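Chemist: have a look; sequence and predicted model below, questions after that.
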Amino acid sequence: MLETLRQYAVEQLDAVGERDEAAARHATYFRHVAEQAEQGLRGHGQRAALQRLRNEQPNLRAAWTWLSADPSRVEDGLRLAGSLALFWHLGRHVEGREVLSRLIATPGGSQQARARALQALSIVERPRACLVHPSPRCAETALESLQLFEAEGDVHRAALSKVLLAVELLDGSDAGRFAQLLAEAEAQFTAQADDWGHAVVAFVRLQNFIRRGDEPRSRALGRTASEAFRRLDDAWGLSAVLLHLGWGLTEFGRYAEAIPVLEQAIEVSSSAGVFNTAQWALSDLGVALLALGEREAASAAFDRAASASEEVGDAAGVVLAGLGRAQIARIDGDATTARPLFEEAVRGLTRLGTPLWVGQALAGVAWCDWREGLLDDAADRYGQVHAAGEQYTEPTLLAIGLEGLARVAASVNQWDQAQERLSSAAEVRQASARPAPPHEQAELDDLWGQVGDAVGAAGRLGAPPVSGDVAKSGQLTSQ
């Protein structure tokens, strides 16, 4: 009935030539609604602001659709979309990316409005919809927004752009610049008494220590950041920090300790309706449970991740659930069941723009190749995994790629190369505090035994040589 009334009203507005005037007034009103909610999303007012915006989604969509239809309206369109950055980030990032990209591509608008939309895109385009995940596109838009804000003299908004730009340096490529950007942002947040900004900086530093393999500092920053967001009653920030701390503990092999942290992340995010965090935390919970041999509980967690994705719109939970089921099949040694699940996970994670998780899924496909005797395919895919580890400075992928190439080398009796790759992988894992999960470690222990026996029997004199080109490409030929 409401839709029928709406259509009738539109017809009457068209009849008297007032449709555009009504649409303009409607868009202006809901631009103000979004601008008022923007600050509320950062802290104590988050739940109320989030609920208000969710209730008004049809009106907001109508507003930005009308504003996007004519280049002369781009100013208000940019301002509306720029105000919705965190709202989209909390659950509707796919839609946000599309709206922001379309508006930014439209010429016109003030520098301030364009800067806000560029900063919003740097938030919304994050891989895994997570603020602390690097992305070249997000770094580019963060830099553009920073330059525009500084030109406008808006040092407070510029401070957040500096934090977003610092995220790109979590790969360790420029530690000095990383520290400088965060220090400058913190100084401005202090001047503005912006506790939310300080909490975000602590979150970025937590991710930095996790990636560096610094477990003690990761735990300390996890406490600092979670307490900061808890004081703000910010469910998004608290659940995101708990998710990353739980993931970090899992990466460090602290599976039993990770479980209660991830469960808390799930509770906080679900109760606040931050379902994007919930679906990823449920997936990580399944991984931790699987590492402890709790298969039924892990399967239940993966199923819950799939259900949580219904509230988000990107189907990430469904993709992650499939990846989890693929891992269970791998543990069973069932390559026939695992292959289509891993392949679908590669496609889904590629669509989501999450390259590190694409690497994990691709390693699963490579394992299936190896189990089924497709050694050239396995070598090629493990080489891609290793290359992704180098590109993104991700030690887990580096180690997995090396271990996979060692597995293939051993299959064709290239024992020296297998030993070299295994040794390199062990060094990476030790330096980054990233042990292999128990089921993978069991495979590696067997492989070490085979390599040790073969190298010992050969007296290190009869092992076939491997050319430099072959070693670099990861391609191995049967002897």
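Modeler: Nice, thanks for sending it over.

Chemist: only C-alpha atoms for contact and neighbour calcs from this point on.
Modeler: Noted.

Chemist: skip the chain neighbours and tell me the closest residue to the residue nearest the centre of the chain.
Modeler: If you average the C-alpha coordinates of the chain and look for the closest C-alpha using C-alpha atoms, centre = their mean, you land on R128, 2.8 Å from that point. Once its chain neighbours are removed from consideration, R128 has its nearest residue in T354; the separation is 5.9 Å (C-alpha to C-alpha, 6 or more residues apart in numbering).

Chemist: what's near enough to touch the residue nearest to the centre of the chain?
Modeler: Contacts for R128 were tallied using C-alpha atoms under 8 Å, 6 or more residues apart in numbering; they are L352, G353, T354.

Chemist: from those residues, which ones fall inside strands?
Modeler: Here DSSP state E is the test, and the contacts of R128 give no hits in strands at all.

Chemist: rank those residues by pLDDT and give me only the lowest.
Modeler: Within those, the minimum per-residue pLDDT falls on G353 (81).

Chemist: dihedrals phi and psi, the closest residue to that residue other than its chain neighbours?
Modeler: In space, G353 comes closest to P127 once its chain neighbours are excluded; the distance is 5.5 Å by C-alpha to C-alpha, 6+ apart. Note on P127: backbone dihedrals following degrees, to the nearest 10 are phi -60, psi 140.

Chemist: F229 contacts W196, correct?
Modeler: Yes: judged on C-alpha atoms under 8 Å, F229 makes contact with W196 at a distance of 7.3 Å.

Chemist: backbone dihedrals for the residue nearest to R128, both of them.
Modeler: Per-residue torsions, T354: phi -120, psi 80 (degrees, to the nearest 10).

Chemist: quick check, it in contact with P127.
Modeler: Yes: here T354 lies in contact with P127, judged by C-alpha under 8 Å, at a distance of 5.0 Å.

Chemist: and L181, how many neighbours?
Modeler: Counted with other C-alpha atoms under 10 Å, the neighbours of L181 add up to 20.

Chemist: likewise the one 5 residues further on?
Modeler: Residues lying near E186 (other C-alpha under 10 Å) number 24.

Chemist: could you do S218 as well?
Modeler: 23.

Chemist: that one: which element?
Modeler: S218 is located in helix 215-231, with elements delineated by DSSP states H and E.

Chemist: helices and strands around that helix, which ones?
Modeler: Here helix 215-231 is seen to pack against helix 195-211, helix 235-251 when contacts are counted using 3 or more C-alpha pairs under 8 Å, 6 or more residues apart in numbering; DSSP states H and E.

Chemist: next, format the ones you listed as TSV and append distance to G40 and mean neighbour count.
Modeler: Converted to TSV, those look like this (distance: least, C-alpha to C-alpha, whole Å; neighbours: other C-alpha atoms under 10 Å):
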stretch	distance to G40	mean neighbour count
helix 195-211	11	23
helix 235-251	12	27
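
Chemist: is there a neighbour count for E56? I'd like the number.
Modeler: Every residue meeting other C-alpha under 10 Å relative to E56 is counted, giving 15.

Chemist: so what does it look like in phi/psi?
Modeler: Dihedral pair for E56: phi -100, psi 10, per degrees, to the nearest 10.

Chemist: do T106 as well
Modeler: Main-chain torsions, T106, degrees, to the nearest 10: phi -90, psi 130.

Chemist: just give the closest residue to it, not the sequence neighbours.
Modeler: P71 (6.5 Å).

Chemist: now swap in H156 and tell me
Modeler: Nearest residue to H156 in three dimensions, chain neighbours excluded: Q188, at 6.3 Å (C-alpha to C-alpha, 6+ apart).

Chemist: low-confidence ranges, the stretch 251-400 of the chain, go.
Modeler: For the stretch 251-400 of the chain, the stretches flagged by pLDDT under 70 are 312-313.

Chemist: what about the helices in it?
Modeler: Ranges of helices within the stretch 251-400 of the chain are 255-271, 275-291, 295-308, 316-331, 335-352, 355-371, 375-391, 395-411, based on DSSP state H, counting those that start in this stretch.

Chemist: what's next to the fourth one, contact-wise?
Modeler: With C-alpha under 8 Å, 6+ apart as the contact definition, helix 316-331 has outside contacts at 279-280, 283, 286-287, 290, 295, 299, 302-303, 305-309, 335, 337-339, 341-342, 344-345, 348-349, 352, 361, 364, 439.

Chemist: and that helix with helix 275-291, angle?
Modeler: Relative orientation of helix 316-331 and helix 275-291, computed by axes from the mean of the first three to the mean of the last three C-alpha atoms, to 10 degrees: 10 degrees.
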